[in-house]
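1. Turn this into a model:
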Amino acid sequence: MDDESRQSEEYLSIEDLPEELLEFILSLIPPYKDLHDCMTVSKKWRRCVLNVVKSKKRNFLKAINEFDIKWDRIVPVGTTPTITKRYSHTAVVHDNSMFVFGGCTSAMTTFNDLWMLNLSNRTWERPLAKGTYPSPKACSSLILYKDFLVLFGGWTYPPSYPLYQSWHLFNELHVYAISGMLWTCISTMNTPPPMAGHSVSVIGEWMIIFGGLQKPSTAVHCEKSNDIWKLNLETWTWYKQEVQAGPKPNGRFGQTQVVLDNKNLLILGGSGGPTTQHCDCWILNMEGYLWKWIKVEIAGKINEPTNIWSNPGCKIGDKIVVLNRIRQNEESPIVYYPRSHWNQTAPEDGRLSRIDLANRRPDRDENVNGRRGFLKNPKREVDDIEEEDRFISVPGPSGLGSSVEVKRIHGTQSLNMAAFMQPSSPSLQQNNLLRSIRLERLQKVEEKLSKKNVSITAHKKEKRTHYLGLYVLDISQALSKKPIATWLPPKNVSNGPEETILYTLVEGKSELIISQICNSLHFITSPTHVV
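-> Got it, this is the predicted structure:
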């Protein structure tokens with residue numbers, strides 16, 4: 001029996017594990033090429049991989065609905081190739097890779113390089129592309145169609161000379177063949193005006209573009225647009241789409257655009273300028289010759305993010321995910337400001353504040369009905385205050401206080417001569433008593449001021465760090481008879497990376513990928529549960 005048991009133990013392998021344990025092991029592999037290759041091992045492995053893919057997708061949707069997400073961060077290490085820091089770039093996922101193009105920096109630099117992130121091993125690669133490169137630009141659009149990347153529009157900084165030049169916008173159309181690593185510039189007829197910050201979606205063989213900053217040939221400066229353009233990706237032909245008369249969204253840029261089905265697009269947010277931020281939601285119905293705009297009512301506005309246009313959204317199932325600053329619950333409504341910024345506000349109930357009669361300063365202005373009043377001279381007021389100091393409470397023989405009149409000594413010379421007075425002089429004792437009382441008062445005032453200055457300095461040095469959190473818009477009822485979208489109240493607050501804007505947010509396989517201004521990457525996934 002011992003020999004048989006030893007022989008059986010020698011032949012044990014991973015194939016002898018229960019399917020539940022095998023699925024848990026396979027779930028630790030990134031859901032891309034490596035996991036797909038595991039399907040070729042055996043029928044059992046194929047079945048387990050398919051179950052892992054389904055469970056990952058189900059768990060990810062559940063994590064989004066319940067705000068129970070997991071943040072992962074990837075930082076470039078050492079001498080490995082990595083993408084340069086940038087913002088306002090574009091990104092798209094294709095199979096096992098995420099492609100990133102262009103972008104800009106705060107040093108008036110724009111890029112025209114193309115980078116590829118291997119999603120299996122989380123490493124950057126730069127394809128050695130050939131052909132006609134696009135111009136360096138940011139705020140362009142990049143979409144995937146079949147085995148091609150289609151790049152359109154964008155802007156770049158003005159030249160340093162001559163001065164006071166406006167941004168330069170592009171209406172170039174480039175196509176990148178992924179398999180051949182080749183850039184091609186497409187010349188088209190009826191080309192749209194140069195634009196940037198527009199939104200784009202692909203439905204069938206059509207690329208639909210909405211809004212953005214545009215610069216028509218007759219305009220001097222950029223204009224916000226609400227035009228719709230569509231490009232046939234087979235014939236490379238542009239068309240400007242007309243819409244029915246009626247309400248429609250204002251001109252904007254930086255909005256989120258998602259596909260609901262083959263006949264409907266959804267537009268969310270956008271910016272109308274430095275002082276105008278849109279938080280509205282619209283549906284573009286693409287049935288018939290004339291398309292139609294439908295306004296969507298938004299519920300739960302108390303839960304909406306504070307800034308949408310510079311934070312892209314991504315559709316996950318019947319939800320739109322937006323990252324924004326986490327709202328901090330204020331424990332106290334008191335805000336501390338320096339004395340120079342104090343401002344008296346009326347009580348919330350609208351009633352006047354009570355007057356403190358006990359501590360109110362006496363009114364010394366003579367103003368009697370029937371005759372003119374007059375205001376006291378400020379110098380006289382100071383003299384009156386000093387006159388009050390003449391009567392000081394001095395302990396008497398019985399321990400009770402008695403008022404003693406302190407004679408004022410006029411002139412600095414008298415004060416200097418006071419040092420030569422006899423110690424037994426009553427005037428010197430009274431003067432010393434008055435001086436000590438005044439010094440005590442000044443010391444108390446200095447202590448109060450020093451405490452206030454310390455608190456103000458500590459308040460100024462305090463630096464609050466804001467983090468990105470998850471905001472979810474439910475669009476399951478967006479196509480009903482009364483279209484409505486609802487911002488869901490957050491259930492769990494999970495701190496993500498430090499707050500930033502103008503990043504990219506794209507959907508991978510059961511995860512969201514955030515490419516920030518810095519060259520680090522963040523991934524949103526569902527929590528891993530141990531068997």
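2. Can you say which helix or strand has residue 234 in it?
-> Residue 234 is part of no helix or strand, with elements assigned from DSSP states H and E.
3. What is the burial count for the residue nearest to it when sequence neighbours are not counted?
-> Of all residues not flanking residue 234 in the chain, residue 205 sits nearest, at 5.2 Å (Cβ to Cβ, 6 or more residues apart in numbering). Heads up, the C-betas are built off the backbone N, CA and C, glycines and all. Under the neighbour criterion other Cβ atoms under 10 Å, residue 205 is assigned a count of 12.
4. Give me the pLDDT value at residue 205.
-> For residue 205, the model assigns a pLDDT of 96.
5. who's in contact with it?
-> When contacts are counted by Cβ atoms under 8 Å, 6 or more residues apart in numbering, residue 205 touches 232, 233, 234.
6. now it: how far from residue 266?
-> Using Cβ to Cβ, to the nearest Å, one gets 21 Å for the distance from residue 205 to residue 266.
7. and residue 92, how many neighbours does it have?
-> If we define neighbours as other Cβ under 10 Å, then residue 92 has 18 of them.
8. tell me which residues in stretch 473-480 are buried?
-> 473, 474, 475, 477, 478, 479 (16 or more other Cβ atoms under 10 Å).
9. Across the sheet, point out what pairs with the second one.
-> Here residue 474 shows beta-bridge partners residue 319, residue 486, assigned using DSSP bridges.
10. In this structure it contacts residue 486, no?
-> Yes - if you go by Cβ atoms under 8 Å, residue 474 and residue 486 touch, sitting 4.5 Å apart.
11. returning to what we had before: if we take the contacts of residue 205, which one ends up nearest to residue 448?
-> The nearest member of these to residue 448, counting by Cβ to Cβ, is residue 233 at 73.2 Å.
12. What is the neighbour count of the closest one?
-> 18.
13. and it, what does it touch?
-> Taking Cβ under 8 Å, 6+ apart, we find residue 233 in contact with 145, 150, 202, 205, 206, 207.
14. quick one: which of these is nearest residue 103?
-> Among the contacts of residue 233, and counting by Cβ to Cβ, the member closest to residue 103 is residue 150, at 17.6 Å.
15. Skipping adjacent residues, who's closest to the closest one in space?
-> Counting by Cβ to Cβ, 6+ apart, residue 150 lies nearest to residue 143, which is 5.2 Å off, once chain neighbours are set aside.
16. Just the helices from the protein, written as ranges.
-> 2-10, 19-27, 33-37, 43-65, 378-388, 412-417, 426-461 (DSSP state H).
17. helices and strands around the longest one, which ones?
-> Packed against helix 426-461, as judged by 3 or more Cβ pairs under 8 Å, 6 or more residues apart in numbering; DSSP states H and E, are the following elements: strand 391-395.
18. Let me see the mean pLDDT of the strand it packs on.
-> Across strand 391-395, the average pLDDT comes to 44.
19. What of stretch 17-34?
-> Rounded mean pLDDT across stretch 17-34 is 91.
20. same deal with stretch 249-266?
-> 96.
21. Any buried residues in that stretch, and which?
-> Result for stretch 249-266 [16+ other Cβ under 10 Å]: buried residues 249, 251-258, 260, 264-266.
22. Now flag whichever of those residues is closest to residue 272.
-> residue 252 (5.3 Å).
23. just checking, that closest one touches residue 211?
-> Yes - using Cβ under 8 Å, residue 252 is in contact with residue 211, at 5.2 Å.
24. dump the residue contacts of the residue lying closest to residue 149 once chain neighbours are set aside.
-> Spatially, and ignoring its direct neighbours in sequence, residue 149 is nearest to residue 176 (4.1 Å; Cβ to Cβ, 6+ apart). Listed by Cβ under 8 Å, 6+ apart, the contact set of residue 176 reads 114, 129, 148, 149, 151, 182, 183, 184.
25. on that earlier part again, of all the buried residues of stretch 249-266, which comes closest to residue 282?
-> Closest to residue 282, out of all of the buried residues of stretch 249-266 and judged by Cβ to Cβ, is residue 249, at 4.9 Å.
26. how about residue 130, what does it touch?
-> Contacts of residue 130 by Cβ under 8 Å, 6+ apart are 181, 182, 183.
27. Out of those, grab the one that's most surrounded.
-> Ranked by neighbour count under the definition other Cβ under 10 Å, the contacts of residue 130 are headed by residue 183 with 19 neighbours.
28. And that one, how close does it get to residue 484?
-> For residue 183, the distance to residue 484 - Cβ to Cβ - is 44 Å.
29. quick revisit: and the buried residues of stretch 473-480, which two are furthest apart?
-> Taking Cβ to Cβ, no two of the buried residues of stretch 473-480 sit farther apart than 473 and 479, at 14.3 Å.
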